[in-house]
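Colleague: I would like to see how this sequence folds:
(chains A and B)
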Amino acid sequence: MNAHVEKVRSRGRSMRARWDSMPRQVRWIALLALVVFLYLLPNRWFYINLWYFRTMESDMATVLFETSFFVLLAVGLNVVVGFAGLLDLGYFGFFAVGAYTVALLTSPESRFDVGWPWLAAVPAAVAVTMISGVILGGPTLRLRGDYLAIVTLGFAEMIRLYAARNEGIANGQRGIPEIPHPVPSVKGSDGQALFGVVDARPYYWLTLTIIIFVILGVRNLTRSRVGRAWVAIREDEDAAQIMGVPTFKYKLWAFAIGAAVGGLSGALFAGKQSFINSDSFQLTNSILVLAAVILGGAGNIYGAVIGAFITWYLPEWVRGIGGVIGLEINVAEYRILIFGAVLIVMMIFRPQGILPSRRRAAEFADRRQEAAPTEASA
Amino acid sequence: MLLEIQDLTLLYGRIQALHGISLYVDEGEVVALIGANGAGKTTTMRAISGLRPVASGKIIFAGQDVTKMRADLRVIRGIGQAPEGRGVFPGMSVQENLEMGAYTRRDGAGIRQDLAMVFDLFPRLKERQRQAGGTLSGGEQQMLAVGRAMMTRPKLLLLDEPSMGLAPMLIQQIFEIITRINEQGTTVLLVEQNAQQALSRAHRGYVLETGAIVKEGSGQELLHDPAVKEAYLGVA
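Modeller: Alright, predicted model coming up:
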């Protein structure tokens, strides 16, 4: 009837089917091995043996931290864009709210000067971003598609400009310094605080752990009534409503959960950098996270993870590889250009992303069918 | 009266789509709403199911004013709708689509029973149980939309152009199924361009023209009305 649809479905199926057909124990061991590998990865004695895989010119642990942090953002945005199908262009706005909340609550330079420890400020940051998600989503989630995209875009820019101009609270361009690192009481083997300036490994491990917990939580959600409601809303909002799905409520939930993960990333970022100002929250970052989610395959958690990994790690890796093969150009400078080209190619040949959810693949096939109705004669 | 609409008006921006419509549906009836393209049939349906806010007038369902009620709450009250055209969830399998219909229900046994009932009405859907909704043919999607609406276990089933785009043999079949659904106790409000089939199957009918009801009567009356014949049945 429709060869294309079948092809898309079977392509997605082959890899998944092979995975699913493996015995349960094998799958568990494979996953466990992957997790152990990821935890070992930032150690020099370990990655030095991964000659071509590691980054040559930048500190591997730092790159891994940045990548993991980017992955966390993508996993959060995937809830909004991938599951509920809401186009959010201002995700970094929530990231900024989280980072500023931590900064204001912990830094001695902050106007409030309450001097909370980092760990206590994290739940506060998550709560504040969730509330800001609800405040933004309340009036705007009644809008659909393009309108929502523009409103969220405006939100992120408002936060950034406010932070840049506001002298009273956000310290304008000077930003907020002296944000304490996470849990200073925990000492490393050298007697220094584990979470310091030099070593990025603890931050990477912390982020990795958070990612694993967030993924487990999100995965459970998608398999619940909430997850089914999201799929229905994404595929056809009117139809979802006449099935009795309270669409507004679930869209707001997706928005709030996504915002909370964004805020959590912001809190991590503030703790690692120990200094933030409005320059950390450029619009391009919002777009980059969105691109990563779409590249990887919106609607699939692991797709978002892979998309984010590729978007962040690959350019850093390529930067070093250029030196190894004797290329003089700094590939990282062309990152956005190359990435843009890759995205265009992807959207033409594989719009559902690298690792799409089975459903998303069928949805895209359906949309193509609608665009070319001659194919659809049944 | 199961459904009563009083003097309903509805706006699309500044364009008035419905000019004070009044109609009613009694329990156990099949009522057909016929009219040309753009007469406001689908708009009326969307107003009843709550997908479109109304400007003025009242919608009373089972004795309760639902005019301002959210669409998802109307489903719980017993209004089920099969929307116009391709209203199925394309990425969900046939089975998942049908289960979505039972989203608000918690009675596992009842849901299984209704699922069997739907598969009994539409054996074709059972064959395609695992196939994605978007890969079905137009006729199968239409069946799925009707079946899915049945899964909400509605008191009132709203069917928007169930015969649209179907082959003549399938049209006959889908109308037979609608009659069967009605005989099993579900009240049906039907929007159709296929006036011949709709009126011959309906207890009563309304004729809609540019957002206003211009005629009403029993199915047979309308079927033999000269003006209706000329305008909608293609006989002079």
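Colleague: ramachandran angles for B:L189?
Modeller: Phi and psi for B:L189, reported as degrees, to the nearest 10, are phi -110, psi 130.
Colleague: what is the burial count for it?
Modeller: Other residues within reach of B:L189, judged by other CB atoms under 10 Å in any protein chain shown, total 25. C-beta: built from backbone N, CA, C; applies to glycine.
Colleague: would you check that it makes contact with B:Y24?
Modeller: No - contact criterion CB atoms under 8 Å: B:L189 and B:Y24 do not qualify, at 10.1 Å.
Colleague: now the strands for chain B?
Modeller: Taking DSSP state E as the criterion, chain B carries its strands at B:3-12, B:15-25, B:30-35, B:56-61, B:64-65, B:79-82, B:156-160, B:187-192, B:204-209, B:212-218.
Colleague: mind putting the ones you listed in a markdown table, mean pLDDT and distance to A:Q241 included?
Modeller: Listed next are those as a markdown table, based on pLDDT from 0 to 100; distance: least, CB to CB, whole Å:
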| stretch | mean pLDDT | distance to A:Q241 |
| --- | --- | --- |
| strand B:3-12 | 93 | 17 |
| strand B:15-25 | 92 | 19 |
| strand B:30-35 | 93 | 21 |
| strand B:56-61 | 95 | 16 |
| strand B:64-65 | 94 | 19 |
| strand B:79-82 | 93 | 9 |
| strand B:156-160 | 94 | 13 |
| strand B:187-192 | 94 | 18 |
| strand B:204-209 | 93 | 24 |
| strand B:212-218 | 92 | 26 |
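Colleague: mean neighbour count, those strands: which tops it?
Modeller: Per-stretch averages of neighbours, counted by mean count of other CB atoms under 10 Å in any protein chain shown, single out strand B:79-82 among the strands of chain B, with a mean of 28.
Colleague: which helices and strands does that one pack with?
Modeller: With contacts taken as 3 or more CB pairs under 8 Å, 6 or more residues apart in numbering or on different chains; DSSP states H and E, strand B:79-82 sits against helix B:41-49, helix B:138-151, strand B:156-160.
Colleague: determine how far it lies from the middle of the whole chain.
Modeller: Between the centre of strand B:79-82 and the centre of its chain there are 6 Å (CA atoms, centre = their mean, to the nearest Å).
Colleague: go on, stretch A:244-258?
Modeller: Distance of stretch A:244-258 from the chain centroid (CA atoms, centre = their mean) equals 19 Å.
Colleague: for it, buried residues please.
Modeller: A:244-248, A:250-258 (16 or more other CB atoms under 10 Å in any protein chain shown).
Colleague: and those, which two are the farthest apart?
Modeller: Distances among these were taken as CB to CB; the most separated pair is A:G244 and A:G258, at 24.1 Å.
Colleague: in JSON lines: the strands of chain B, plus distance to B:T42.
Modeller: Below are the strands of chain B laid out as JSON lines (distance: least, CB to CB, whole Å):
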{"stretch": "strand B:3-12", "distance to B:T42": "11"}
{"stretch": "strand B:15-25", "distance to B:T42": "10"}
{"stretch": "strand B:30-35", "distance to B:T42": "10"}
{"stretch": "strand B:56-61", "distance to B:T42": "16"}
{"stretch": "strand B:64-65", "distance to B:T42": "23"}
{"stretch": "strand B:79-82", "distance to B:T42": "11"}
{"stretch": "strand B:156-160", "distance to B:T42": "6"}
{"stretch": "strand B:187-192", "distance to B:T42": "7"}
{"stretch": "strand B:204-209", "distance to B:T42": "10"}
{"stretch": "strand B:212-218", "distance to B:T42": "15"}
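Colleague: common neighbours of B:L189 and B:Y24, please.
Modeller: B:L3 (CB atoms under 8 Å, 6 or more residues apart in numbering or on different chains).
Colleague: tell me which residue is most central in chain B.
Modeller: B:L159 (1.5 Å; CA atoms, centre = their mean).
Colleague: in the sheet, who's paired with it?
Modeller: B:A82, B:L190 (DSSP bridges).
Colleague: any idea how far B:R180 is from it?
Modeller: Separation of B:L159 from B:R180 (CB to CB, to the nearest Å): 13 Å.
Colleague: before we move on, what about A:I348?
Modeller: In terms of CB to CB, A:I348 sits 47 Å off from B:R180.
Colleague: ok, those two, which is more surrounded?
Modeller: Remark: of A:I348 and B:R180, B:R180 carries more neighbours, 12 against 8, as counted by other CB under 10 Å.
Colleague: much appreciated, bye for now.
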